[in-house]
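J.: Mind looking at a prediction? Sequence and model below.
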Amino acid sequence: MAPVPPRSSRLGTAVRRLVPPTPLSRRLSLQSVIFKTGDGAFLTGSAVFFTQVVGLTASQVGLGLTIGAVAAGLAAIGAGRLADRIGPKRTWAIGALLAALLFGAWPFIDGFGAYAAMVVVYEILDNTAGAGQNAYILDVLPEEERVTTQAYLYSAMNVGSTLGAIISGVALAFDDLTVLRWLPLLTLVLGVVNAFFIARLPPAPHDLSARERSGPRVRPAGPGVLRNAGWLGVSFFSGTLWTNQVLLSVLIPLWLVQETDSPHWLLAWLFGTNTVLCIVLPAYTSQGIRTPRDGLRRIWVSTAFFVASCVITMVTHSTAGFLTVTLVWLGHVTVTGAELAMSSASWAFQATLMDPRRRGEYSSMGFLFSGLGGRWAPALYTWLAMSWHHVGWLLIGAIVVVASIGMHPALRAAERFRDREFAGATPLEKTAA
């Protein structure tokens, strides 16, 4: 019988598993902490900021986010081409810097028109940075490290979000709108530091290729992403499944503020719980994810958690006091389960179904079709829940179940296209334009 390792040894092994194993993954993780601290500080109090500082209704908040998200999805086509043209790291750094500077205007926004314009500009810049980041990570990492490293980055982002939630929780505890009004300036400062940090990362192969490009214009070899209907379908349905983030960041906080008797400080507790779970668990929940079929199984786990969150949260419309607080918290925890399962599935899809010669293009079109699949959710989900209550929450859950069913044929088509068109392709393979 094998000896049982002492408890201290098991604890040490568990702690070490939370630390990224390579120098580059540690640098990327630190960047994620910096970015998400600023982002989380603003996001945690955003429901109160938009409704009480800017003076919007819940429906206006959701509508503005949907308008901005649709605009960003359309602009993502150009963002992906920019990443392939000037390099993913440069695209990432420029987009992150401009998005950070935009937070300097938030304290002065008043009314729906200015709010919607700001959201449109911010979403375009943020998605441009995201297209560069996604292409950079897949480009710079060896294939065998991609899913594992993305799990560590996800944990690191949630460390930052936890720090941001603590900062925002302190601001909310003052119950002073002046403090909350100027909180975006902290996000601005940390965003500028983040952009500088990105610029100091080592170049990926496509960055070096863009820097050394000369002579006749070239384009990646192989068919364009628009011919890969399977990938577009996977992106579309993934966008719908990722609307768990709308529950986390928009709908449950708005529901708490406007439809329950829960105290506002509970918002910080909700976001803090979510991010702590997402710090500790990704290294474990990503285990065993190697193929798209593994990812598909996680899709259904995510869907089960999502529906459970809808059912739990809708009940709080008719409860009061400590029971409401407990159920709102439990609804947030279950939707965190949906987030974790969906994350591991997405990493598998990105690592195995994207043409390595056209990562910027695949990322940008993935953003666009993911947006088509889910960017409407802030407005629709807010309207359904706030207007129809119990029936609305059940319809929200049904939408996600339908998306999970649609993922099956889309995934099979994407696998067939990969095996036929770019299995074994090299990342920097080019043809004359």
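T.: Received it, and whenever you're ready, just let me know what you need.
J.: Going by C-alpha atoms from here, please, whenever you check contacts or count neighbours.
T.: OK.
J.: which residues of the stretch 1-150 of the chain score low on pLDDT?
T.: For the stretch 1-150 of the chain, applying pLDDT under 70 flags the ranges 1-18.
J.: Run the chain-centre distance for the helix or strand encompassing L296.
T.: Using DSSP states H and E, L296 sits in helix 292-315. Taking CA atoms, centre = their mean, to the nearest Å, the mean C-alpha location of helix 292-315 is offset from the chain mean by 17 Å.
J.: Mind giving me the packing neighbours of whichever helix or strand comes after it?
T.: Tracing the chain past helix 292-315, the next element assigned as helix or strand by DSSP H and E is helix 321-353. Applying 3 or more CA pairs under 8 Å, 6 or more residues apart in numbering; DSSP states H and E, one finds that helix 321-353 contacts helix 146-173, helix 229-241, helix 244-246, helix 252-259, helix 266-280, helix 282-285, helix 292-315, helix 390-421.
J.: all helices of the stretch 1-150 of the chain, in order?
T.: 7-16, 23-44, 46-48, 58-86, 88-102, 112-140, 146-173 (DSSP state H, counting those that start in this stretch).
J.: Switch the helices and strands packed on helix 321-353 over to CSV; also include mean neighbour count and distance to L43.
T.: Output for the helices and strands packed on helix 321-353, formatted as CSV (neighbours: other CA atoms under 10 Å; distance: least, CA to CA, whole Å):
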stretch, mean neighbour count, distance to L43
helix 146-173, 25, 8
helix 229-241, 25, 20
helix 244-246, 22, 12
helix 252-259, 22, 10
helix 266-280, 22, 9
helix 282-285, 19, 21
helix 292-315, 21, 20
helix 390-421, 17, 22
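J.: can you tell which of the ones you listed is closest to T57?
T.: Set against T57 and scored by CA to CA, the helices and strands packed on helix 321-353 come closest in helix 252-259, at 9.7 Å.
J.: Tell me the spatial nearest neighbour of R418, not counting adjacent residues.
T.: Distances taken as CA to CA, 6 or more residues apart in numbering place L353 nearest to R418, at 6.4 Å, with adjacent residues excluded.
J.: Which residues does the helix holding L296 contact?
T.: Contacting residues not belonging to helix 292-315 are listed as 241, 244, 252, 288-289, 327-328, 330-335, 337-342, 344-346, 348-349, 352-353, 389-390, 393-394, 396-398, 400-401, 404, 407-408, 411 [CA atoms under 8 Å, 6 or more residues apart in numbering].
J.: Output the helices and strands packed on helix 321-353 as TSV; include the columns distance to D126.
T.: Shown next, in TSV, are the helices and strands packed on helix 321-353 (distance: least, CA to CA, whole Å):
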stretch	distance to D126
helix 146-173	15
helix 229-241	16
helix 244-246	16
helix 252-259	22
helix 266-280	21
helix 282-285	24
helix 292-315	25
helix 390-421	25
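J.: With respect to D207, which of the ones you listed lies nearest?
T.: helix 146-173 (18.2 Å).
J.: got the angle between the closest one and helix 23-44?
T.: 30 degrees (axes from the mean of the first three to the mean of the last three CA atoms, to 10 degrees).
J.: got the angle between helix 146-173 and helix 266-280?
T.: 160 degrees.
J.: Which elements pack onto the helix or strand following helix 146-173?
T.: Sequence-wise, the next helix or strand downstream of helix 146-173 (DSSP H and E) is helix 177-181. The helices and strands touching helix 177-181, judged by 3+ CA pairs under 8 Å, 6+ apart, are helix 146-173.
J.: 10 Å - rerun?
T.: helix 46-48, helix 146-173 (3 or more CA pairs under 10 Å, 6 or more residues apart in numbering; DSSP states H and E).
J.: any chance of the ones you listed in CSV, plus distance to W182?
T.: CSV is the format used below for these (distance: least, CA to CA, whole Å):
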stretch, distance to W182
helix 46-48, 12
helix 146-173, 10
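J.: who wins for proximity to W383 among those?
T.: helix 46-48 (15.5 Å).
J.: Show me the contact partners of the closest one.
T.: 40, 52-58, 61, 168, 172, 177, 180, 184, 249-257, 264, 267 (CA atoms under 10 Å, 6 or more residues apart in numbering).
J.: Go through the helices and strands packed on helix 177-181 and name the closest to A283.
T.: With CA to CA as the criterion, A283 lies closest to helix 146-173 of the helices and strands packed on helix 177-181, at 5.6 Å.
J.: how about CSV for the helices of the stretch 1-150 of the chain, with distance to F417 added?
T.: Shown next, in CSV, are those (distance: least, CA to CA, whole Å):
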stretch, distance to F417
helix 7-16, 39
helix 23-44, 31
helix 46-48, 42
helix 58-86, 21
helix 88-102, 25
helix 112-140, 20
helix 146-173, 21
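J.: what's the closest of these to V192?
T.: The nearest among these, by CA to CA, is helix 88-102 at 5.7 Å.
J.: Which elements pack onto that closest one?
T.: Applying 3+ CA pairs under 10 Å, 6+ apart, one finds that helix 88-102 makes contact with helix 23-44, helix 58-86, helix 112-140, helix 184-199, helix 205-212.
J.: how far off helix 23-44 does it point, in degrees?
T.: 30 degrees.
J.: Let's verify S262: helix, strand, or coil?
T.: Using DSSP: H, G, I helix; E, B strand; the rest coil, the structure places S262 in coil.
J.: Pull the contacting residues for it.
T.: Taking CA under 10 Å, 6+ apart, we find S262 in contact with W255, L256, T316, A320, G321, F322, L323, T324, V325, T326, V328.
J.: isn't the last one right next to V257, touching?
T.: Right, the one you point to is V328. No - using CA atoms under 10 Å, V328 is not in contact with V257; the gap is 11.2 Å.
J.: so what sits against both of the two?
T.: L266, L267.
J.: for the stretch 151-300 of the chain, which spans come out with low pLDDT?
T.: Ranges of the stretch 151-300 of the chain meeting pLDDT under 70: 210-222.
J.: likewise the stretch 301-433 of the chain?
T.: Using pLDDT under 70, the stretch 301-433 of the chain drops low at 424-433.
J.: Kindly recompute the last result at 80.
T.: For the stretch 301-433 of the chain, the stretches flagged by pLDDT under 80 are 356-361, 364, 367, 371, 375, 423-433.
J.: What separation is there between G68 and A171?
T.: Separation of G68 from A171 (CA to CA, to the nearest Å): 27 Å.
J.: what do you get for R27?
T.: 30 Å.
J.: Could you do L411 as well?
T.: 45 Å.
J.: same thing with G55?
T.: 18 Å.
J.: Equivalent analysis for T324, please.
T.: Counting by CA to CA, the gap from T324 to A171 is 23 Å.
J.: what do you get for G337?
T.: In terms of CA to CA, G337 sits 28 Å off from A171.
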